[in-house]
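S.K.: Below are the sequence and a predicted model for it; my questions follow.
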2 protein chains.
Amino acid sequence: MNRPEANGGSLTVIGLGPGDPALLTGEAMRALEEAEVLYGYGPYLSRVPMREGQRRVESDNRQELERARAAWTDAAAGARVAVVSGGDPGVFGMAAAVCEALETGPESWRGIRLSITPGVTAMLALAARLGAPLGHDFCAISLSDNLKPWEVIEARLRAVASAGFVIALYNPISRHRPWQLGRALSVLGECLAPSTPVALGQAIGRHNESMEITQLAQVRPESANMSTCVIIGTAESRLVARGDLRPLLYTPRSMPSPSTERT
Amino acid sequence: MNRPEANGGSLTVIGLGPGDPALLTGEAMRALEEAEVLYGYGPYLSRVPMREGQRRVESDNRQELERARAAWTDAAAGARVAVVSGGDPGVFGMAAAVCEALETGPESWRGIRLSITPGVTAMLALAARLGAPLGHDFCAISLSDNLKPWEVIEARLRAVASAGFVIALYNPISRHRPWQLGRALSVLGECLAPSTPVALGQAIGRHNESMEITQLAQVRPESANMSTCVIIGTAESRLVARGDLRPLLYTPRSMPSPSTERT
């Protein structure tokens, strides 16, 4: 077998991007071809074309650490293993779980070759469709309180909204977390004007792509699902009407200096 | 000529990624091939293979708005125009300038077809090389005070450092902005422990790629340049030693709940 290292296997974490194959990088495509076994959440694995002789190990969305451990175990046994992740694996994806599994796993795993292939994360794909909503300083927050306390999330929302960041929300809602997005929006409503532009998007570049531009006070949390990315603008964000075309949403690169504001 | 629309040209903003051609998306490669004219900052244009019959219009790094206006003017005259941008065009790149030029330009430009091709932005490419430093909530801040007041930047740094975000700094230093990174690091030093992990990286995937993992109190601002991306971890960020291999830097997905912390 054509192993990359004579003495063992390897592990690659692959960013699949938002779903459109045209948004995969060349590096990610090559890594998918070279893998002997693919680990991942079912819907992500199903985006990858089947290849003869390549094994697939599917697991549930909330079993990241178990999946990472199984992948390391397989690599330690000599396989060229890939773990697939939606978007970019470093943004609320599998890269952190793979690192955590390594830290808490057998010492012998630490000599295994690891590579991580970045990808286009959801907020970048959605932003590109909208115009340039992230055009200024911005942040990304996961609304999942499975792994961190809700109080921390609220404090972070207040901090960044008050400081003028564009905010991208990941994992806004799920069957097990039905109220978090609504609560987050009302926290943001304490810091931001009701007319602040908000965009919701999902499955960018896929057949079921959908997008909506609205205002903070008008967002219906029930229109989001687990794979929705929500971008909340700032006081500077602007809509540019374009006749029959979708309006552009952008946040200008510049902001007035304090002396300008005073005049 | 094979124009996408019978009545005129088009404008595409293309994310070139961090520099390694393997990190380009398929969509970006196709858009580069289809363009009749490319607008961009010289060093970005020079990454794109020359193609016979394709014009190139090079401009200085700080002339984004003028470049965007020239590109729209060319598209309005019927050309298939592409504006190239390093990394992702929506992250401190050309997309916002293109939107701003449209908003402030002739009404007739608004009917021109615009598309924006996302890319792998510097912090994602650097993070993938390091492990998963952005594994938790994170933000991106440009340290350039050409377009926003320095006081705003300091207030944002304090807000996100105090709230526990991983911080990615873009445009940390330049000939015209020599002191900003040093000042930013000392502001962060008021909120974060001196041992907080910091990574600096540039030209990821290119022949002159370089990376350094250090601690907040040890960063030498003079080791950064205009194209350096700086990632500052949180109190939870961890290094995983790997013998002869580079240590991994990651920020765990989970953080302790308040009740756990009290015990």
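M.R.: Perfect, thanks for sending it. Numbering: from 1, shown residues only, chains lettered A, B, ... in the order given.
S.K.: Please, where are all the helices along the stretch 151-263 of chain A?
M.R.: For the stretch 151-263 of chain A, the helices defined by DSSP state H, counting those that start in this stretch occupy A:180-191, A:258-262.
S.K.: Can I get the helix or strand containing A:Ala125 in CSV, CA atoms only?
M.R.: Element membership of A:Ala125, judged by DSSP states H and E, is helix A:122-130. Taking C-alpha atoms only, helix A:122-130 is exported to CSV below (Å, rounded to 0.1, in the frame of the first residue of the first chain):
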residue,chain,number,x,y,z
ALA,A,122,-20.9,29.4,6.1
MET,A,123,-20.7,33.1,7.0
LEU,A,124,-18.2,33.8,4.1
ALA,A,125,-20.4,32.0,1.6
LEU,A,126,-23.5,33.8,2.8
ALA,A,127,-21.7,37.1,2.9
ALA,A,128,-20.5,36.7,-0.7
ARG,A,129,-24.1,36.1,-1.9
LEU,A,130,-25.3,39.2,0.0
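S.K.: is chain B contacted by it?
M.R.: Yes. Against chain B, helix A:122-130 shows contacts by Cβ under 8 Å from any Cβ of the partner chain at A:Leu124, A:Ala125, A:Ala127, A:Ala128, A:Arg129. Backbone N, C-alpha and C define where each C-beta goes, glycine included.
S.K.: in chain A, which spans are strands?
M.R.: Along chain A, counting by DSSP state E, strands occupy A:10-15, A:37-41, A:55-59, A:80-85, A:113-117, A:131-132, A:138-142, A:166-170, A:197-202, A:210-215, A:229-232, A:238-242, A:245-250.
S.K.: so where's chain A uncertain?
M.R.: Where chain A drops to pLDDT under 70, the residues are A:1-7, A:257-263.
S.K.: can you pull up the bridge partners for the nearest residue to A:Gly42 once chain neighbours are set aside?
M.R.: What sits nearest to A:Gly42 in space, not counting adjacent residues and going by Cβ to Cβ, 6 or more residues apart in numbering or on different chains, is A:Glu58, at 4.6 Å. Judged by DSSP bridges, the bridge partners of A:Glu58 are A:Gly40.
S.K.: repeat for A:Phe138
M.R.: When assigned by DSSP bridges, A:Phe138 has beta-bridge partners A:Val166, B:Ala140.
S.K.: contacting residues for it?
M.R.: For A:Phe138, the contacting residues are A:Met123, A:Phe165, A:Val166, A:Ile167, A:Ala168, A:Thr251, B:Val91, B:Cys139, B:Ala140, by Cβ atoms under 8 Å, 6 or more residues apart in numbering or on different chains.
S.K.: Buried ones among the residues you listed?
M.R.: The neighbour-count test (16 or more other Cβ atoms under 10 Å in any protein chain shown) applied to the contacts of A:Phe138 identifies A:Met123, A:Phe165, A:Val166, A:Ile167, A:Ala168, A:Thr251, B:Val91, B:Cys139, B:Ala140 as buried.
S.K.: quick one, what contacts the closest residue to the fifth one other than its chain neighbours?
M.R.: For A:Ala168, the nearest residue in space outside its immediate sequence neighbours is A:Met123; the separation is 3.9 Å by Cβ to Cβ, 6+ apart. By Cβ under 8 Å, 6+ apart, the contact list for A:Met123 reads A:Leu134, A:Phe138, A:Ala140, A:Ala168, A:Tyr170, A:Cys229, A:Ile231.
S.K.: what about A:Asn146, how many neighbours?
M.R.: Applying other Cβ atoms under 10 Å in any protein chain shown, we find 12 other residues in the vicinity of A:Asn146.
S.K.: isn't it right up against A:Asn61?
M.R.: No. Between A:Asn146 and A:Asn61 there is no contact under Cβ atoms under 8 Å: 10.7 Å.
S.K.: Endpoint to endpoint, stretch A:132-151 covers what distance?
M.R.: The first and last residues of stretch A:132-151 sit 30 Å apart, counting by Cα to Cα, to the nearest Å.
S.K.: And stretch A:198-212, by the same measure?
M.R.: Terminal residues of stretch A:198-212 lie 8 Å apart, using Cα to Cα.
S.K.: coming back round to it: tell me the most buried of the helices of the stretch 151-263 of chain A?
M.R.: With neighbours taken as mean count of other Cβ atoms under 10 Å in any protein chain shown, those reach their highest mean count in helix A:180-191, at a mean of 18.
S.K.: Distance from the chain centre to it, please.
M.R.: Offset of helix A:180-191 from its chain centre (Cα atoms, centre = their mean, to the nearest Å): 20 Å.
S.K.: Extract the CA atoms of it and return them as PDB.
M.R.: Provided in PDB are the C-alpha atoms of helix A:180-191 (Å, rounded to 0.1, in the frame of the first residue of the first chain):
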ATOM      1  CA  GLN A 180     -32.000  30.200  22.000                       C
ATOM      2  CA  LEU A 181     -32.200  32.200  18.800                       C
ATOM      3  CA  GLY A 182     -35.300  34.100  20.000                       C
ATOM      4  CA  ARG A 183     -33.600  34.900  23.300                       C
ATOM      5  CA  ALA A 184     -30.400  36.000  21.500                       C
ATOM      6  CA  LEU A 185     -32.300  38.300  19.200                       C
ATOM      7  CA  SER A 186     -34.000  40.000  22.200                       C
ATOM      8  CA  VAL A 187     -30.700  40.400  23.900                       C
ATOM      9  CA  LEU A 188     -29.300  42.000  20.700                       C
ATOM     10  CA  GLY A 189     -32.500  44.200  20.600                       C
ATOM     11  CA  GLU A 190     -31.400  45.800  23.900                       C
ATOM     12  CA  CYS A 191     -28.100  47.000  22.200                       C
END
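S.K.: Quick one: residues contacting the closest residue to A:Asn225 other than its chain neighbours.
M.R.: Distances taken as Cβ to Cβ, 6+ apart put A:Ile173 closest to A:Asn225, at 6.3 Å, once the chain neighbours are dropped. Residues counted as contacts of A:Ile173 (Cβ under 8 Å, 6+ apart) are A:Leu143, A:Gln180, A:Leu181, A:Pro221, A:Ala224, A:Asn225, A:Met226, A:Thr228.
S.K.: again, 10 Å this time
M.R.: Each residue near A:Ile173 by Cβ atoms under 10 Å, 6 or more residues apart in numbering or on different chains is listed here: A:143-144, A:179-182, A:184, A:221-228, A:230.
S.K.: now it: how far from A:Asn146?
M.R.: Plainly put, A:Ile173 is 13 Å away from A:Asn146 if you go by Cβ to Cβ, to the nearest Å.
S.K.: Repeat that for A:Ser223.
M.R.: Going from A:Ser223 to A:Asn146 by Cβ to Cβ gives 22 Å.
S.K.: Stretch A:87-94 and chain B in contact?
M.R.: Yes. If you take Cβ under 10 Å from any Cβ of the partner chain as the test, stretch A:87-94 does meet chain B, through A:Gly87, A:Asp88, A:Pro89, A:Gly90, A:Val91, A:Phe92, A:Gly93, A:Met94.
S.K.: Closest one to chain B out of the residues you listed, please.
M.R.: Of all the residues of stretch A:87-94 next to chain B, chain B sits closest to A:Gly90, with 4.2 Å by Cβ to the nearest Cβ.
S.K.: So what's the residue count around the closest one?
M.R.: By other Cβ under 10 Å, the residues close to A:Gly90 number 33.
S.K.: Same question for A:Ala77.
M.R.: Per other Cβ under 10 Å, the neighbour tally for A:Ala77 reads 10.
S.K.: Give the closest residue to it in space, chain neighbours not counted.
M.R.: Spatial nearest neighbour of A:Ala77, excluding adjacent residues (Cβ to Cβ, 6+ apart): A:Gly9 at 6.7 Å.
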